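Student: From the sequence below, what's the structure:
(one chain, ligands or ions: 1)
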Amino acid sequence: MTAKEWLEKAKNEKWAIGAFNVGNLETLKAIVQAAANKKSPIIIESSSGETEWMGADNIVSLARNFSQDFGIPILVNLDHAENLEECEIGILAGYDLIHFDGSKLPLDLNLAILKQVVEKAHAKGLTVEGEMDHIQGSSEVHEGSAEEEASKGKFTNPEAAKKFVENSGIDIFASFFGNVHGVFSGRDENLDIDILDQIVAQIPLTYLSLHGGSGIPDDQVQQAIQRGVVKVNVNTEIRQAFKDSLEKVLAEHPEEYAMYKIEKPLLEAVQKIVEHKIEVFGSSGKV
Ligand code: 13P
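Tutor: Residues are numbered from 1 along each chain as shown. As a prediction, this is how the structure comes out:
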């Protein structure tokens, strides 16, 4: 099944596909193992830095190999590519979904580039995601309040979202309604479900993504999915599980130099996070 077919199925059945960021082979292995255990389709994704570190071709090849080995659908998403060249690299490498993030650009320039991405990606049958209002935060662990971070940006105006979708021809719209990237010590991340409802009403045929999937209370994520979100992006909680576990195993095994021999707990920590998200998103057993 194509990315679009999976998104349509998720939309009709009111569940969401998790889009999990990968910055190394260990994380990827753990995500795939979690999806296989839960019999869930997944999206793996790479941000600009992760794509550069791993190599776009490598990410696609690894996804295809793991998909075959584990017998689960693995779609590949280019996450927050900020220029046309990056999108072209993703399209050429065989990514299934392309997210062009022009939210830091003036609207007309964002749209102009997005239209080119849509043309190139649709010619290959790929799915395109656009972002109009910059989603605040970054995929790290922050001291402070998520709500304060969210207030630095401008929440999505539903009517403007309609125009943006009509003008660009995108398949997926990334909305900003309280979701921020990262985990915040204030533990006060809060979605404005009213705005989400208004967005759904304006663009009922467009797939909706929820960025900043780390740190949002599970019940709020589930509410968003019931209202129409079909793709939830998760990075920070994975990074956090990996790093915390890495520090622990290194402290416990100062004599070991063959890292793969002590990395099992790292994979298990990431796997646990991903399995939990899959349950929350309702994609378990969908394969
Ligand atoms: P988090 O880091 O908050 O999970 O967000 C990830 C994301 O939205 C990637 O696009």
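Student: show me where this protein has strands.
Tutor: 17-21, 42-46, 74-81, 97-100, 127-131, 137-142, 172-174, 181-184, 207-210, 229-234 (DSSP state E).
Student: could you dump those strands to a markdown table with distance to Ala269, mean pLDDT and mean neighbour count?
Tutor: Any C-beta I mention is one placed from the backbone N, CA and C, and that applies to glycine too. Converted to a markdown table, the strands of the chain look like this (distance: least, CB to CB, whole Å; pLDDT from 0 to 100; neighbours: other CB atoms under 10 Å):
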| stretch | distance to Ala269 | mean pLDDT | mean neighbour count |
| --- | --- | --- | --- |
| strand 17-21 | 14 | 99 | 27 |
| strand 42-46 | 18 | 98 | 27 |
| strand 74-81 | 21 | 98 | 26 |
| strand 97-100 | 27 | 99 | 29 |
| strand 127-131 | 29 | 98 | 27 |
| strand 137-142 | 15 | 98 | 18 |
| strand 172-174 | 28 | 99 | 23 |
| strand 181-184 | 15 | 98 | 22 |
| strand 207-210 | 23 | 98 | 25 |
| strand 229-234 | 14 | 98 | 27 |
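Student: what's the closest of those to Ile113?
Tutor: strand 97-100 (6.4 Å; CB to CB).
Student: near the ligand, anything from that closest one?
Tutor: No: contact of strand 97-100 with the ligand (CB under 6 Å from any ligand atom) is absent, the minimum separation being 7.5 Å.
Student: centre of the chain versus that strand, how much separation?
Tutor: 10 Å (CA atoms, centre = their mean, to the nearest Å).
Student: would you put the C-alpha positions of that strand in PDB?
Tutor: The C-alpha coordinates for strand 97-100 follow below in PDB (Å, rounded to 0.1, in the frame of the first residue of the first chain):
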ATOM      1  CA  LEU A  97       6.500  11.200   1.900                       C
ATOM      2  CA  ILE A  98       8.100  14.700   1.600                       C
ATOM      3  CA  HIS A  99       7.500  17.400   4.200                       C
ATOM      4  CA  PHE A 100       8.600  20.800   2.900                       C
END
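Student: tell me which strands and helices it is in contact with?
Tutor: With contacts taken as 3 or more CB pairs under 8 Å, 6 or more residues apart in numbering; DSSP states H and E, strand 97-100 sits against strand 42-46, strand 74-81, helix 84-93, helix 107-123, strand 127-131, strand 172-174.
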